[in-house]
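*Asks:* take this sequence and fold it.
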Amino acid sequence: MKLVITMSRRYGTGASRIAQELSERLGIPVYDKVNVEEELGRHTYESEVEVIKKLAEKPCIILGRCASEILKDQRNAFNIYVCADKEDRIRRIMGKENLTYEEASNKIEMTDQERADYYHEHTGKAWGDVNNYHMILNTSDLGLENCADILMKYFERQELI
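*Replies:* Got it, this is the predicted structure:
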């Protein structure tokens, strides 16, 4: 089966690192907001929905962009939601972007709200609702470094790869 992974995530969870590691292990590309918008501008697509459906014709990982909802009827799509404790997210963003505690906390709040609003605007659903995903990964509990291993073992066991 040609696996398409969608990954929704709270800001600062490390989901991009998980996606990159999966990309390297599976030999498939990762697409995010920048890639989707570039494709939209380069070709004659009507919307991001068309771009995402076109990208999902081949195995790939799509970060955000409501891909879990757009591809919900596609049998080979596996939808993941990545979360983490707020304190862990704040520390990660402080280190990654050289921000103060308060700046990182504010950026997390703002980014999460933007993502929730975007998801609701485009799907009418609540962002992060467990019913919209096949698997929820909490990087605080599981450890960021373990998440790709967990997913690979699951995919192998389910014969998805």
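
*Asks:* after the one helix or strand in the chain whose mean pLDDT sits lowest, next one along is what?
*Replies:* Across the helices and strands of the chain, mean pLDDT, DSSP states H and E gives its lowest value to helix 33-42, namely a mean of 92. On the C-terminal side of helix 33-42, the nearest following helix or strand under DSSP states H and E is helix 48-55.

*Asks:* so what strands line up beside the helix or strand that comes right after that next one?
*Replies:* The element immediately downstream of helix 48-55 (helix or strand, assigned by DSSP H and E) is strand 60-63. Here strand 60-63 is paired, per DSSP bridges, with strand 4-9 (parallel), strand 30-31 (parallel).

*Asks:* circling back to that earlier point, so what secondary structure elements neighbour the least confident helix or strand of the chain?
*Replies:* Under the contact criterion of 3 or more C-beta pairs under 8 Å, 6 or more residues apart in numbering; DSSP states H and E, the helices and strands touching helix 33-42 comprise helix 48-55. Bear in mind the C-beta positions are built from the backbone N, C-alpha and C, glycine included.

*Asks:* kindly export the helix it packs on (C-alpha atoms) in CSV.
*Replies:* Listed in CSV are the C-alpha atoms of helix 48-55, where the atom choice follows Å, rounded to 0.1, in the frame of the first residue of the first chain:
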residue,chain,number,x,y,z
GLU,A,48,-4.9,23.8,-1.5
VAL,A,49,-7.3,20.9,-1.5
GLU,A,50,-6.4,20.1,-5.1
VAL,A,51,-2.7,20.4,-4.3
ILE,A,52,-2.9,18.1,-1.3
LYS,A,53,-4.9,15.5,-3.2
LYS,A,54,-2.4,15.6,-6.1
LEU,A,55,0.6,15.2,-3.6
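
*Asks:* thanks a lot, catch you later.
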